[in-house]
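Student: Build me a structure from this.
(chains A and B)
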There are 2 protein chains.
Amino acid sequence: MEIVEVGPRDGLQNEKKLLSTATKVDYIRQAIAAGLRRIEAVAFAHPARVPQMADAEAVLAAVPRIEGVSYSGLLLNRRGLDRALASAADGFGVDEVNYVLVATDVFSSRNQGMTSAESLAQWSVIAADARAAGLRTTITIAAAFGCPFTGEVPVERVRDLVAAAAQAGPDEICLADTIGVGVPRQVAALAAAAREVAPDVTLRAHFHNTRNTGYANAIAAGDHGITVLDASTGGIGGCPFAPAATGNIATEDLAYLLKRNGQLTGVDVSALATTGRWITAELEVPTPALLGRAGPFPPEF
Amino acid sequence: MEIVEVGPRDGLQNEKKLLSTATKVDYIRQAIAAGLRRIEAVAFAHPARVPQMADAEAVLAAVPRIEGVSYSGLLLNRRGLDRALASAADGFGVDEVNYVLVATDVFSSRNQGMTSAESLAQWSVIAADARAAGLRTTITIAAAFGCPFTGEVPVERVRDLVAAAAQAGPDEICLADTIGVGVPRQVAALAAAAREVAPDVTLRAHFHNTRNTGYANAIAAGDHGITVLDASTGGIGGCPFAPAATGNIATEDLAYLLKRNGQLTGVDVSALATTGRWITAELEVPTPALLGRAGPFPPEF
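Tutor: Okay, here's the model as predicted:
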């Protein structure tokens, strides 16, 4: 399994406290030092709407450039891509762009001001232009496991969106449980549906541990052909639709689980646990990750 | 899947604050009202060593007696069985006794003052006497996934203990991850080993979510022939070997996971979430369970 560290983006984006650019870069440096190689470092979003991500270009200008480390930037629209391309042209850009397609029209309209079909049309142009500029392209199907506004999302709906998204030739398609409602049976069903219509695309999943199902879903993902998982060190990020809820599955807890399960190598779980405690102290929030409280097992693990 | 509510025993036993008998009985009443049918209600332990369980007989005298509801009492030795039998003889007893066998000699000596082999010899007498008195008998192999004193526990060691424990003819054998270190691969290995040497015994598992692996283990248990799972409403209990750690997997979160996964019926997850918030308020501790913070999905679930 491969982990994409999304704490610098999905984690920080959903925390109230704004961190300095230097602290964000430190967070990213620590993730890389612990062995992570793919970092969703920024979002190219409107700074008034997402002030936590306003310094995207400054973060990218300051992160270490290391052979084998890939930085990704999330984007919702053409303006986001233009910023990603400008940044890349300066030599301090992202290596990948991750586009968001929301699985329901109601949520998509609130998030991007357009329906899912309109968002798909936008994606095909963005994917082509990003690829022409030499960037890897990934797309995340948000709310694939359930929508905060409309409830259950039919598997067929997600399957059709995956099929359409795959037409643009992405390097990876990510199935996201944005509000943390999913269970393993859904993971199996969505993975099978995605594989059916996009047999050659790498599948990735994004889980939140909002209702304590996130790690079970991560194991189910590995059992059903999904090879890439998002996680945030510290488990930061919360849920914008459930104010008291916890956030992304935590990288240190996921890494402990996968490593002890024989599915991951090359990641220092103790170092990640230390980073998780540190970043939550910086954010002045409790630590949803648990490994830092209990310690790895055996202790030298 | 069947859930055994262990909050009144394993949960309360490991919390600092002592609750009144009436509050304990209320906790049990709420679990039953939410649809749970097996309750580990008490431990028959030395009151100086486990003051949280000192009023075991008073709790049993006050709990509702309802057709289909089974109460269990944990015990470590002959004196515990004598109390269980005396209580049952009065008509206010347990329906089941759950004996503890610790998987390593070091931990067993600290817990019961004897080696695992000596504990097995004690178990065979206790099982026979309990059965003769009409009680169901279950045995929990504690620290089967790892020991806080000696580290890794070989699968062969657990297999041999299960084989020996099965000689006494228990109704159920429970594999317990007492310190919350286990992962799904271990669940599969231990379930297969237990099934090999005890093909006819019902298998049960006991998971702690100390490192966020507990719910993934619960799903793995169901995948590998384990049909009964322990959980505590609220997720109370902590871990005596990791002061800041969380406790048992939470009944409300487990019930949400299993119900949405198509593996459980007849349990009211919202009612359990309410009880989980209430009991942690009574104990003056944070709530490790997450469902009560985020709510079920869909909301009417």
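Student: which stretches of the stretch 151-300 of chain A have low pLDDT?
Tutor: Counting by pLDDT under 70, the stretch 151-300 of chain A contains no low-confidence segment.
Student: what are the ranges of the helices in it?
Tutor: Using DSSP state H, counting those that start in this stretch, the helices found in the stretch 151-300 of chain A span residues A:155-166, A:184-197, A:214-223, A:251-260, A:269-283, A:291-294.
Student: what sits against the closest residue to A:L85 other than its chain neighbours?
Tutor: Spatial nearest neighbour of A:L85, excluding adjacent residues (CB to CB, 6 or more residues apart in numbering or on different chains): A:A133 at 5.3 Å. Backbone N, C-alpha and C define where each C-beta goes, glycine included. A:A133 sits next to A:L85, A:A88, A:A89 when contact means CB atoms under 8 Å, 6 or more residues apart in numbering or on different chains.
Student: Pop out the phi and psi values for the last one.
Tutor: Same thing as A:A89. Backbone geometry at A:A89, expressed as degrees, to the nearest 10, gives phi -60, psi -30.
Student: Let's see the pLDDT reported for the residue lying closest to it once chain neighbours are set aside.
Tutor: Of all residues not flanking A:A89 in the chain, A:A133 sits nearest, at 7.9 Å (CB to CB, 6+ apart). The model reports A:A133 with a pLDDT of 96.
Student: about what we covered before: tell me which of the helices of the stretch 151-300 of chain A is the most buried.
Tutor: Mean neighbour count (mean count of other CB atoms under 10 Å in any protein chain shown) peaks for helix A:251-260 among the helices of the stretch 151-300 of chain A, with a mean of 28.
Student: Does that helix reach chain B?
Tutor: Yes. Helix A:251-260 reaches chain B (CB under 8 Å from any CB of the partner chain) through A:D253, A:Y256, A:L257, A:R260.
Student: Close to chain B: what parts of the stretch 51-200 of chain A are there?
Tutor: Residues of the stretch 51-200 of chain A lying near chain B (CB under 8 Å from any CB): A:G146, A:G151, A:E152, A:I179, A:G180, A:V181, A:V183, A:P184, A:R185.
Student: circling back: so can I have JSON lines of the helices of the stretch 151-300 of chain A showing distance to B:V269?
Tutor: As requested, the helices of the stretch 151-300 of chain A are exported to JSON lines (distance: least, CB to CB, whole Å):
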{"stretch": "helix A:155-166", "distance to B:V269": "23"}
{"stretch": "helix A:184-197", "distance to B:V269": "16"}
{"stretch": "helix A:214-223", "distance to B:V269": "16"}
{"stretch": "helix A:251-260", "distance to B:V269": "23"}
{"stretch": "helix A:269-283", "distance to B:V269": "28"}
{"stretch": "helix A:291-294", "distance to B:V269": "26"}
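Student: closest one to B:T265 among those helices?
Tutor: helix A:184-197 (14.7 Å; CB to CB).
Student: what comes into contact with that closest one?
Tutor: Contacts with helix A:184-197, where a contact means CB under 8 Å, 6+ apart, come from A:144-145, A:155-156, A:158-160, A:162-163, A:166, A:173, A:175, A:201, A:203, A:205, A:213, A:216-217, A:219-221, A:223-226, B:219, B:260-262.
Student: tilt between it and helix B:214-223?
Tutor: 80 degrees (axes from the mean of the first three to the mean of the last three CA atoms, to 10 degrees).
Student: Also compute the angle for helix A:184-197 relative to helix A:155-166, please.
Tutor: Using the same axes, to 10 degrees: helix A:184-197 against helix A:155-166 is 40 degrees.
Student: Please save the CA atoms from helix A:184-197 in PDB.
Tutor: C-alpha atoms of helix A:184-197 as PDB (Å, rounded to 0.1, in the frame of the first residue of the first chain):
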ATOM      1  CA  PRO A 184     -16.300  -2.100   4.300                       C
ATOM      2  CA  ARG A 185     -19.200  -3.400   2.300                       C
ATOM      3  CA  GLN A 186     -19.400  -0.100   0.500                       C
ATOM      4  CA  VAL A 187     -15.700  -0.100  -0.100                       C
ATOM      5  CA  ALA A 188     -16.000  -3.500  -1.700                       C
ATOM      6  CA  ALA A 189     -18.900  -2.400  -3.900                       C
ATOM      7  CA  LEU A 190     -17.400   0.900  -5.000                       C
ATOM      8  CA  ALA A 191     -14.000  -0.600  -5.700                       C
ATOM      9  CA  ALA A 192     -15.700  -3.300  -7.800                       C
ATOM     10  CA  ALA A 193     -17.800  -0.800  -9.700                       C
ATOM     11  CA  ALA A 194     -14.800   1.500 -10.400                       C
ATOM     12  CA  ARG A 195     -12.700  -1.400 -11.500                       C
ATOM     13  CA  GLU A 196     -15.400  -2.500 -13.900                       C
ATOM     14  CA  VAL A 197     -15.500   0.800 -15.700                       C
END
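Student: mind checking how far it is from the chain centre?
Tutor: Relative to the centre of its chain, helix A:184-197 is centred 19 Å away, using CA atoms, centre = their mean, to the nearest Å.
Student: Next, the angle from that helix to helix B:251-260.
Tutor: Here the directions of helix A:184-197 and helix B:251-260 differ by 40 degrees (the same axes, to 10 degrees).
Student: hey, where'd the strands end up in the stretch 51-200 of chain A?
Tutor: Counting by DSSP state E, counting those that start in this stretch, the stretch 51-200 of chain A has strands at residues A:70-75, A:96-102, A:136-142, A:172-177.
Student: quick one: A:S70 from B:V201, how far?
Tutor: Counting by CB to CB, to the nearest Å, the gap from A:S70 to B:V201 is 50 Å.
Student: of those two, who's got more company?
Tutor: Legend: neighbour count by other CB atoms under 10 Å in any protein chain shown for A:S70 and B:V201, higher for B:V201 (19 against 15).
Student: what's the closest non-adjacent residue to that one?
Tutor: Leaving aside its chain neighbours, B:V201 sits nearest to B:I173 (5.1 Å; criterion: CB to CB, 6+ apart).
Student: quick one: that neighbour and B:A163 touch, right?
Tutor: No. B:I173 lies out of contact with B:A163 (CB atoms under 8 Å); the separation is 10.0 Å.
Student: Common neighbours of the two, please.
Tutor: Taking CB under 8 Å, 6+ apart as the contact rule, B:I173 and B:A163 both touch B:A198.
Student: which residues does A:L12 contact?
Tutor: Neighbour list for A:L12: A:L19, A:K24, A:Y27, A:Q52, A:M53, A:I236, A:G237, A:L283 [criterion: CB under 8 Å, 6+ apart].
Student: Quick one: classify the third one as helix, strand or coil.
Tutor: Just to be clear, that refers to A:Y27. Following DSSP: H, G, I helix; E, B strand; the rest coil, we place A:Y27 in the helix state.
Student: For it, list the residues it contacts.
Tutor: Taking CB under 8 Å, 6+ apart as the criterion, A:Y27 is in contact with A:G7, A:P8, A:L12, A:L19, A:T233, A:T275, A:I279.
Student: what's the pLDDT at it?
Tutor: Per-residue pLDDT puts A:Y27 at 98.
Student: cool, and the fourth one?
Tutor: Reading off the per-residue confidence, A:Q52 sits at a pLDDT of 96.
Student: Stretch A:30-47: how far from the chain's middle?
Tutor: Mean-position distance between stretch A:30-47 and its chain equals 10 Å (CA atoms, centre = their mean).
Student: Span of it from start to end?
Tutor: Taking CA to CA, to the nearest Å, stretch A:30-47 runs 26 Å from one end to the other.
Student: buried residues in that stretch?
Tutor: Neighbour counts over stretch A:30-47 (16 or more other CB atoms under 10 Å in any protein chain shown) mark A:30-32, A:34-45 as buried.
Student: Can I get the helix ranked longest in chain A in CSV, CA atoms only?
Tutor: Counting by DSSP state H, the longest helix found in chain A is helix A:116-132. C-alpha atoms of helix A:116-132 as CSV (Å, rounded to 0.1, in the frame of the first residue of the first chain):
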residue,chain,number,x,y,z
SER,A,116,-21.4,17.0,-11.3
ALA,A,117,-21.8,16.8,-15.1
GLU,A,118,-20.6,20.4,-15.5
SER,A,119,-17.7,19.6,-13.2
LEU,A,120,-16.8,16.6,-15.3
ALA,A,121,-16.7,18.8,-18.4
GLN,A,122,-14.4,21.2,-16.6
TRP,A,123,-12.2,18.3,-15.5
SER,A,124,-11.6,17.0,-19.0
VAL,A,125,-10.1,20.3,-20.0
ILE,A,126,-8.1,20.7,-16.8
ALA,A,127,-6.7,17.1,-17.1
ALA,A,128,-5.6,17.7,-20.7
ASP,A,129,-3.9,21.0,-19.9
ALA,A,130,-2.2,19.7,-16.8
ARG,A,131,-0.9,16.6,-18.6
ALA,A,132,0.3,18.8,-21.4
